[in-house]
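A.B. asks: Fold the following.
(one chain, ligands or ions: 1)
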Amino acid sequence: MSKPTDPYRQWGRHAAHVAGWLLLYVIADRAALTHVPTGAALAPWNAAPAISFGMIARLGPRWFPAALIAPILAALIGDGVSSETAVRAVAETLGCVGAATALRGGAGERPDFGRVRMAFRFFGTALAAAALIGAARAAMVADLEPWRVVSLGGQVMLAHLIAILAVAPLVATLGPPRRLAGGRFAISVEGLFQVTALMVLAWEVFGRFANQEIHFFYLLFLPLAWIATRNGQRGTAMALAALYLAPVWSDRQFGHLDQSVIELQIRLGVLAMTGLLLGAMVSERAEAEARGLARQTELAHFQRLNVGWEMASALAHELNQPLTAAMNYTQAALRLIRAPAPDLERAATLTARSVDQIERVAQIIHGLRDFMRKGELRLAPNEVRDIVDDALRLVSAEANAAGVTLHAVGMAGVPPVMADKTQIVQVMVNLVRNAAQALAGAKTDNPTVLVSARAVEGAVEVMVTDNGPGLDPQVETRLFDPFVTTKEAGMGLGLSISKSILQAHDGRLWAESPPHGGVVFRFTLPLARDLDDA
Ligand code: ADP
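C.D. replies: Below you'll find the model as predicted:
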């Protein structure tokens with residue numbers, strides 16, 4: 001790929017644009033037929049100025065010299081330059097450059113024909129350009145009878161209006177065809193059917209039955225409507241430019257009457273406007289849908305950030321415990337090392353525990369970062385026993401200090417679960433710490449937190465049971481709402497985050513108050529089925 005800033009490449013591209021422009025212009029100009037209806041030659045199918053209109057709309061007004069040169073070049077190649085050529089060149093340049101620049105609007109951007117407003121602006125500017133060219137033509141034949149001058153100017157205007165409507169959108173927007181990943185071009189079966197339908201009907205209308213008059217023109221609305229509704233403005237622009245060739249060819253073949261040329265042009269104009277509006281509407285809707293989707297994604301991201309914010313607040317809360325524990329272990333280790341008879345063995349054990357806690361901190365931060373970035377969980381098959389062991393190890397210091405016993409039972413034979421281990425350990429730590437804190441504040445005999453697990457239908461259920469004071473009736477029904485707490489230093493986020501984490505795992509979390517006191521928190525996690533298949 002070339003860099004867009006490479007000036008040589010850019011100039012090369014522009015030179016190719018201008019060369020193509022001049023070539024197309026000369027071909028269109030030379031291919032146009034000449035009728036001689038009113039004593040002054042009329043070229044009713046001359047799409048050459050429409051090409052200049054499209055190119056100025058595409059490249060911008062600073063390319064106006066090409067618009068000026070094109071008609072002179074065409075005259076040089078054809079009948080020779082005359083004073084009429086100069087008038088024509090100036091009128092075309094003024095009309096096309098002025099109108100196409102207006103179409104580009106204040107921002108000076110290539111017009112987006114995929115907007116309904118732009119379609120209307122295009123109709124207006126096309127009419128202005130055509131009117132100016134028509135007026136110049138009328139001025140050239142001012143010595144004719146007045147009504148002839150008006151009629152001739154009107155016909156020239158109509159001819160150029162139709163040509164601009166049909167041809168300019170394609171010239172202004174045509175880009176390289178879409179390519180598939182392998183470098184092949186994207187050709188759809190539907191597209192082939194559309195082209196075939198368009199060709200067959202154009203042949204019916206302009207070829208087979210055509211003589212000097214045109215019948216069945218309305219049939220052409222069918223394939224055009226099909227193309228516009230399915231392909232938006234891009235397809236419509238191509239179909240219109242292709243359709244424009246049909247009357248040019250059939251006029252050459254059959255020599256249509258002047259009156260039928262005018263009728264044909266009016267019908268073609270209606271067809272073009274209908275197609276352009278329909279195409280713009282379809283493109284606009286497709287873009288609105290895409291925008292809606294993007295907004296949804298943004299919203300999801302925002303919601304994740306919101307959860308992220310909650311998690312960040314909770315982070316302070318969650319990190320406090322392992323960091324305090326790590327500090328305590330390290331201080332104890334330091335004391336042992338500095339003692340007159342250092343107990344290095346024990347200091348090493350304490351340091352290892354401290355490292356454990358700090359690793360935990362890193363894991364929490366890491367997990368949070370992943371979650372915020374992608375909203376994704378790192379799911380993997382995990383043994384419930386491993387998760388419970390990790391969690392209990394992390395809370396053991398705090399539990400010991402409060403005189404609370406932690407127990408894990410019934411872990412053997414429990415099938416593995418699909419889980420993001422860090423997150424579920426986080427949930428377990430929350431539940432066990434809550435239980436230990438509830439017990440610490442109460443005068444319970446033999447304060448104990450019991451963790452157990454069992455297989456249930458398609459899942460594993462984990463229970464955290466304590467023999468503490470039970471739930472405060474004030475918060476019982478709002479337990480999982482954020483910022484609900486009965487603790488002085490509590491944030492009330494632990495349970496709400498735990499619930500979000502379990503929901504993200506397709507699991508559930510709920511609390512029960514058994515009749516004999518205490519609280520049971522239960523949660524479920526899906527089975528790691530893949531493990532069985534492997
Ligand atoms: P925090 O721990 O910051 O208060 P949580 O969302 O983890 O936030 O808990 C919310 C509230 O739920 C606690 O303040 C407490 O009142 C209650 N709670 C949670 N677990 C227990 C439990 N095992 N026994 C009694 N109350 C509990």
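A.B. asks: At the contact with the ligand, which residues of this protein appear?
C.D. replies: Taking C-beta under 6 Å from any ligand atom as the contact definition, the chain meets the ligand at 430, 434-435, 438, 466, 468, 471-472, 475, 479, 484-487, 490-496, 519. Just so you know, the C-beta spots here come from the backbone N, C-alpha and C atoms, and that holds for glycine as well.
A.B. asks: Just the buried subset of those residues, please.
C.D. replies: Burial by neighbour count, judged by 16 or more other C-beta atoms under 10 Å, picks out 430, 434-435, 438, 466, 468, 471, 479, 484, 491-496, 519 from those.
A.B. asks: I'd like to know which of the residues you listed are part of strands.
C.D. replies: Residues from these lying in strands, with DSSP state E as the criterion: 466, 519.
A.B. asks: Let's see which of the buried ones among the residues of the chain next to the ligand end up in helices.
C.D. replies: Of those, the ones assigned to helices by DSSP state H are 430, 434-435, 438, 494-496.
A.B. asks: Quick check: of those residues, which lies closest to Pro44?
C.D. replies: If you rank these by distance to Pro44 using C-beta to C-beta, Ser496 comes first, at 74.6 Å.
A.B. asks: Return the set of buried residues in the helix or strand that contains Ala453.
C.D. replies: In this assignment (DSSP states H and E), Ala453 forms part of strand 448-456. Going by neighbour count (16+ other C-beta under 10 Å), the buried part of strand 448-456 is 448-453.
A.B. asks: Same question for stretch 161-175.
C.D. replies: Of all the residues in stretch 161-175, those buried under the rule 16+ other C-beta under 10 Å are 161-173.
A.B. asks: coming back round to it: any chance of the buried residues of strand 448-456 in TSV, with distance to Ile27 too?
C.D. replies: TSV is the format used below for the buried residues of strand 448-456 (distance: C-beta to C-beta, whole Å):
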residue	distance to Ile27
Thr448	93
Val449	87
Leu450	89
Val451	84
Ser452	85
Ala453	80
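A.B. asks: wait, which of the residues you listed is closest to Asn46?
C.D. replies: Ala453 (84.2 Å).
A.B. asks: Quick check: beta-bridge partners of that closest one?
C.D. replies: Following DSSP bridges, Ala453 is listed with bridge partners Val462.
A.B. asks: Output the below-cut-off pLDDT ranges for the stretch 401-534 of the chain.
C.D. replies: Along the stretch 401-534 of the chain, segments meeting pLDDT under 70 span 530-534.
A.B. asks: repeat for the chain
C.D. replies: 1-5, 35-41, 177-187, 208-214, 294-314, 368-376, 530-534.
A.B. asks: and the gap between Leu165 and Val116?
C.D. replies: Computed as C-beta to C-beta, to the nearest Å, the Leu165 to Val116 distance reads 15 Å.
A.B. asks: If you could redo that for Val417, that was the one I meant.
C.D. replies: In this view, Val417 and Val116 are 54 Å apart by C-beta to C-beta.
A.B. asks: For these two, indicate the residue with more neighbours.
C.D. replies: Just comparing Val417 and Val116: by other C-beta atoms under 10 Å the higher neighbour count belongs to Val417, 27 against 16.
A.B. asks: Can you give me the distance of the more buried one to the ligand?
C.D. replies: Distance from Val417 to the ligand, counting by C-beta to the nearest ligand atom, to the nearest Å: 22 Å.
A.B. asks: give me phi/psi at that residue?
C.D. replies: Here is the backbone geometry of Val417 (degrees, to the nearest 10): phi -110, psi 160.
A.B. asks: Isn't it up against Leu379?
C.D. replies: No. Between Val417 and Leu379 there is no contact under C-beta atoms under 8 Å: 9.7 Å.
A.B. asks: Show me what stretch 350-361 is in contact with.
C.D. replies: 319, 322-323, 325-327, 329-330, 332-333, 336, 393-394 (C-beta atoms under 8 Å, 6 or more residues apart in numbering).
A.B. asks: Only the buried subset of those, as a PyMOL command please.
C.D. replies: Only the buried entries of these go into this PyMOL selection, using 16+ other C-beta under 10 Å:
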select buried, resi 322+325+326+329+330+332+333+336+393+394
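A.B. asks: Out of the contacts of stretch 350-361, flag the one nearest to the ligand.
C.D. replies: Leu319 (13.8 Å; C-beta to the nearest ligand atom).
A.B. asks: from what I can see Ala442 touches Pro469, true?
C.D. replies: Yes. Between Ala442 and Pro469 there is a contact under C-beta under 8 Å: 4.4 Å.
A.B. asks: Could you tell me which residues touch both of the two?
C.D. replies: By C-beta under 8 Å, 6+ apart, no residue touches both Ala442 and Pro469.
A.B. asks: in which helix or strand would I find the nearest residue to Leu527 once chain neighbours are set aside?
C.D. replies: Sequence neighbours aside, Pro415 is the residue nearest to Leu527 in space, at 5.4 Å (criterion: C-beta to C-beta, 6 or more residues apart in numbering). Assigned by DSSP H and E, Pro415 falls within no helix or strand.
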